[in-house]
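[1] My questions concern the predicted model and sequence given below.
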Amino acid sequence: MAKATGSAKMRLLKSDTCKEATSLLLDYLAGTLPPKVKRAFERHLSICPDCVSFLKTYQKTIRLTQSFLSQNIAAAKLVHVERSLSRRLKKSKRSR
Amino acid sequence: MEQREAAEPALKRTRDREPAARDEEQLVERLKSGDHQALEAIFRLHSNKVFQLAYKLTRDRTESEEVVQDVFLTVYQKVRGFRGGSRFSTWLYRLTVNAALGRLRRKKRSKEVSYEDFLPQFQPDGHHLERPVVDWSNDVETRSSGRELQDLLTRALNQLRPQDKAVVVLSDLEGLRDQEIAKTLGLSVAAVKTRLHRARLFLRGQLAVHLGYSPT
């Protein structure tokens, strides 16, 4: 879609459809749309409540995913991992 | 890993200081010359960060511990080839992502699900296929319990292709730029953006369907 995003940027200026607008969401949120395309995108949002809803739920998905993934597991006790690694290192040295 | 007692004072000094780049370089040089205590010091400095990143990718404690072992074994075996063109921690980061990806690829995904079923669809004229598109962004957390959302996201993330999952973690969680992700995963920047967008659309579609709406 990113390859398509380049051409979608151009197409949006001509066709102004929800499909094209959806393909620009990633660049819009990353702030990487060229100013002219950004203005066209925002113009589309101003007349399309469906795309506003889509944008809001796309953003919410990112926030929920971030919040879920950022839950760190309690610092692991890696002593036994260190011991196992030590055994694997010895084995690896012997086989050299 | 042997001679822990003898290594302890040096390790304590290492732990007491910020793991600055200079210290890291010195440890790497010592490791290159075969100093095992340096590996132990590096392990203690970085193993928890490696474990946390591996866990974000695998969501599995045992797998993540295996990744930690794989990474430090690779460090030991390949450190002589590390030329210092990038920071050691950057190299370690790449080794961790790739070790975790290798394990994710070997482990069958929980259930093969077609992305297409959860991506938005459009009418021939380019409008959303089902209208109106419902804005559920403000009530998703009141309509689902935290546990339900956790289970849903766990399942949905496990259904992503391993490389797509890695792109989501590196971008949306670790905050890496597209160029850095591309370098870490050996992809083009365009491919990173494609994968990230599709993965987000897929996750969004899963949430929408969970709430009883069309992914569109």
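    Okay, I see it. Numbers count the residues shown, from 1 in each chain, chains lettered A, B, ... in the order given.
[2] which one is whatever residue of chain B ends up closest to chain A nearest to, not counting chain neighbours?
    Residue nearest to chain A within chain B (CB to the nearest CB): residue B:126, separated by 2.7 Å. C-betas here are computed from N, CA, C, even on glycine. Counting by CB to CB, 6 or more residues apart in numbering or on different chains, residue A:17 is the residue found nearest to residue B:126 once chain neighbours are left out, at 2.7 Å.
[3] what do you get for residue A:52?
    Nearest non-adjacent residue to residue A:52 (CB to CB, 6+ apart): residue A:45, at 5.5 Å.
[4] Tell me the confidence at residue B:36?
    We have a pLDDT of 83 for residue B:36.
[5] and whichever helix in chain A runs longest, what does it pack onto?
    Of all the segments of type helix in chain A, defined by DSSP state H, the longest one is helix A:49-69. Using 3 or more CB pairs under 8 Å, 6 or more residues apart in numbering or on different chains; DSSP states H and E as the contact criterion, the secondary-structure elements in contact with helix A:49-69 are helix A:18-23, helix A:25-30, helix A:35-47, helix B:146-159, helix B:189-210.
[6] Using TSV, please lay out those together with mean pLDDT, distance to residue B:105 and mean neighbour count.
    As requested, the helices and strands packed on helix A:49-69 are arranged in TSV below (pLDDT from 0 to 100; distance: least, CB to CB, whole Å; neighbours: other CB atoms under 10 Å in any protein chain shown):
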stretch	mean pLDDT	distance to residue B:105	mean neighbour count
helix A:18-23	95	28	23
helix A:25-30	96	25	18
helix A:35-47	94	36	14
helix B:146-159	93	13	16
helix B:189-210	97	15	22
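[7] Just give me how far the helix or strand containing residue B:164 sits from the chain centre.
    In this structure, residue B:164 sits in helix B:162-168 according to DSSP states H and E. When C-alpha coordinates are averaged (CA atoms, centre = their mean, to the nearest Å), helix B:162-168 and its chain have centres 7 Å apart.
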